[in-house]
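Next comes the sequence, and after it the predicted model I'd like to discuss.
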Amino acid sequence: MGVTTHNNNSLVETSRFINETGLKERFGKLIIQWEVILVLMFLFEIILFSNISPYFLDYFNLMNATFTFMEKAILALPMIFVIMSGDIDISVAAIIALCSFSMGYAAAAGVGAAGLVVTGLAVGTAAGAFNGFFITRFGMPAIAVTLASSSLFRGVSQAVLEDQAYTKYPDAFAYFGQGYVGDSVIPFELLLFVILATVMGYILHKTTYGRKLYAIGNSESAARFSGVRVNRIRMMNFMLNGLFAGISAVLLTSRIGSTRPNIALGFELEAITLVVLGGVSISGGKGNIFGVVLAVFFIGYLKFGMGLMMLSAKVMIITTGLLLIIAVLLPGVLDTIKGRRKLARQQME
Amino acid sequence: MKVAKNFKTLMQKREVTLIILIVILTAVVTFRAPGFIKINNISRILNDTSILMIVAIGQFFVILTGGIDLSVGSIIAFSGMAASMMNQYNPALPVVLVLLAGIVIGAVLGAINGVLVTFGKVPPIITTLGTMSIYRGFTFVLSRGQWVTAHEMSENYMNIPHGHFIGISNLIWSAVIVVVLTYYFSKYTRSGREVYAIGGNKTAAHFVGVSKPKVDMIIFSLSGLLCGLAGVMWTARYAAAVNETAAGFELQTVAACVLGGVSVAGGSGGIPGVVLGALFLGIINNALPVVNLSPFFQMFIQGVVVLLAMFVNTLMGKRQEKSVLKRRCS
């Protein structure tokens, strides 16, 4: 008994000493910040892959590699809003299938490139509104509604297309998913993502809409009692999610130039992984846009690097799943450590 | 008066509504195709829905606590692939052992979900969304992308579901056994009632000493175990173990639960409802070709049916709330 007390005391003494110098505290706070961990992992990844393959650290390659993950990255942006306010949307991939199908249908009817884009965005927004309507108007759980609607949305395209595919799109339509900005090597998709991320980041961090999202995520009823129109904002979130799925569908359809019912299968998992890995709390109310943008490039280049190492797609599926779980596991573990520290500090006082 | 009231409460029961719907649906389809209610076709429908029933029951317990298990399809694929490969490389191994191995593998995968949920504090949806792709990926790794086809399976293995006992196939028997055992579990055992308690009110359950970690471990392992059984049955019944086995099956299992009146928010529903819900879906799927709809419509119709069922569940829940309030006021 006496021995343990003594040990505890000496431990407290040491930590008090370190605390007074302030070093440990500052270092601890920095290391525990999720974005810092992400940056470190990202740097580690770059160093690792550039040592393994001479083709990794090539400006042209790095730019072109973004083609493979920008569509998913764009999905992740409004998903931040949805998850931030405590909801979830697993129908985004199916919305892409529905949008792509509608665009293929329109293209077959002779609609031009601009008209196709409008079709895609409109169908996406409508599909998002459909989800939002059931979720906010009738208080049905988001996960169940979006699970069912994803079968509905993809089902429409499967019922009509069966085992066929739309493959004829206007030439001008190819620019969105395959073009570069001017004469540079910057893909249009990348530029679009940067613009959209800036806009969404501005909304999230600099407008009342963004503050309300945090308020809803932290306590929905408290937000409601403070005069936040919770349901209207959740509805907006789902419509945004649909709109961005439409944008993503335009890029994806334009890039691969064909529409099958199984297009974008599993994208919802990747979008949610990006958001959660970016440090947005799955229970809502915590997170920021920088973390998610970091996660986008971290995962994107991780897959690019794994591809250079000739690792199969299956290994990548496993990696994505593992990262998703680890991303949720780690903050919990870090919180426990933080909590213990707080407890130790309280005991000292 | 009393009779009318009793009749009204009876009609509000989901099981009764479902039975009436099933009868109407069968009657309509039989009108168009008299062969629909022949013994052969009925046994085919029952065989087709048995696997769904088994997995939906596992899903039911998870949903009952307010969670969801999205990894069921991948667990079916992995355990089915593992069992088939075991049979492929050791045809002499008694199939009972292979069946048991499949079940155990499923239970272990389910238990991993349970560990992540209880000890990792990862919410069920994230856990199972992650393990859905992890287990699917490992199915590919295990099989090296290859299939196990009919001529690589032993006769005995393929007979696991097809074998008969007093005229009823083993597959149906296994579903019956699962239904009876889980019904007993959910109604008459302490752990079974604890699952309902947690779904009804987590905090209250905690205060009366119900251990959430214990219940979570039980339900996720149970869901995995049933998926393991379903995996063996699936691969043996269709005489093929492919990597995409049961992809998207999680939706059908959730659909069966929701149709059976299980609230996705947790706490309400029962095994009979789930069984009838699965049966209803099975009849719809079987009726599609009869009414000249291509099987490609299956996904679409399922989405519509599930949304409608959830919609009705929500409205019914609201009405019940209102009537409770009214009674309190008067």
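It's in.

okay, CA-based contacts and neighbour counts for the rest of this
Will do.

For B:I112, see how far away B:V104 is.
Taking Cα to Cα, to the nearest Å as the measure, B:V104 falls 12 Å from B:I112.

One more: A:Y214?
33 Å.

again with A:L192
Distance from A:L192 to B:I112, by Cα to Cα: 40 Å.

try B:A175
25 Å.

The two: who's more crowded?
Neighbour comparison, B:A175 and B:I112: the larger count goes to B:A175, with 25 against 19 (by other Cα atoms under 10 Å in any protein chain shown).

where in the chain is pLDDT low?
Going with chain A. Per-residue confidence for chain A (pLDDT under 70) gives these ranges: A:1-32, A:331, A:349.

not quite, I wanted chain B
In the predicted model, chain B carries pLDDT under 70 at residues B:1-12, B:318-330.

Chain A contacts on that one?
Proximity of chain B to chain A, by Cα under 8 Å from any Cα of the partner chain, involves residues B:120-122, B:126-127, B:129-138, B:140-141, B:251, B:255, B:264-265, B:294, B:296-304, B:306-307, B:310-311, B:314-315.

can you tell me which of these are in helices?
B:126-127, B:129-138, B:140-141, B:251, B:255, B:298-304, B:306-307, B:310-311, B:314-315 (DSSP state H).

Can you select the buried ones from the residues you listed in ChimeraX?
In ChimeraX, a selection of the buried entries from these looks like this (16 or more other Cα atoms under 10 Å in any protein chain shown):
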select /B:126,127,129,130,131,132,133,134,135,136,137,138,140,141,251,255,298,299,300,301,302,303,304,306,307,310,311,314
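
Flag every residue of the stretch 101-250 of chain A that's near chain B.
Contact residues (Cα under 8 Å from any Cα) of the stretch 101-250 of chain A with chain B: A:138-141, A:144-145, A:147-156, A:158-159, A:162.

Kindly recompute the last result at 6 Å.
Contacts of the stretch 101-250 of chain A with chain B, taken as Cα under 6 Å from any Cα of the partner chain, map to A:A148, A:S149, A:S151, A:L152, A:G155, A:V156, A:Q158, A:A159, A:E162.

For burial, what's the neighbour tally of the second one?
Number of residues near A:S149 (other Cα under 10 Å) recorded here: 27.

The residue nearest to B:P213 when sequence neighbours are not counted and chain A, how far apart?
Using Cα to Cα, 6 or more residues apart in numbering or on different chains and skipping the chain neighbours, the partner closest in space to B:P213 is B:T118 (5.1 Å). Between B:T118 and chain A the computed distance is 11 Å (Cα to the nearest Cα, to the nearest Å).

Any idea how many residues pack against B:V291?
For B:V291, the neighbour count with other Cα under 10 Å is 12.

Spit out the contact partners of A:T259.
A:A165, A:Y166 (Cα atoms under 6 Å, 6 or more residues apart in numbering or on different chains).

swap in A:F153?
A:A94, A:L98.

before we move on, what about the one 5 residues further on?
By Cα under 6 Å, 6+ apart, the residues touching A:Q158 are A:P261, B:F296.

May I ask which helix or strand encompasses it?
helix A:142-161 (DSSP states H and E).

Pull that helix out as CSV, backbone CA atoms only.
Extracted in CSV, the C-alpha atoms of helix A:142-161 (Å, rounded to 0.1, in the frame of the first residue of the first chain):
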residue,chain,number,x,y,z
ALA,A,142,-31.2,8.0,-42.1
ILE,A,143,-29.4,4.7,-42.4
ALA,A,144,-32.5,2.7,-43.1
VAL,A,145,-33.9,5.2,-45.6
THR,A,146,-30.7,5.5,-47.5
LEU,A,147,-30.1,1.7,-47.5
ALA,A,148,-33.6,1.2,-49.0
SER,A,149,-33.3,4.1,-51.5
SER,A,150,-30.0,2.9,-52.7
SER,A,151,-31.7,-0.3,-53.8
LEU,A,152,-34.4,1.8,-55.4
PHE,A,153,-32.0,4.2,-57.3
ARG,A,154,-29.7,1.5,-58.5
GLY,A,155,-32.7,-0.7,-59.2
VAL,A,156,-34.2,1.8,-61.6
SER,A,157,-31.0,1.8,-63.7
GLN,A,158,-30.8,-2.0,-63.5
ALA,A,159,-34.5,-2.5,-64.4
VAL,A,160,-34.1,-0.5,-67.6
LEU,A,161,-30.6,-1.3,-68.6
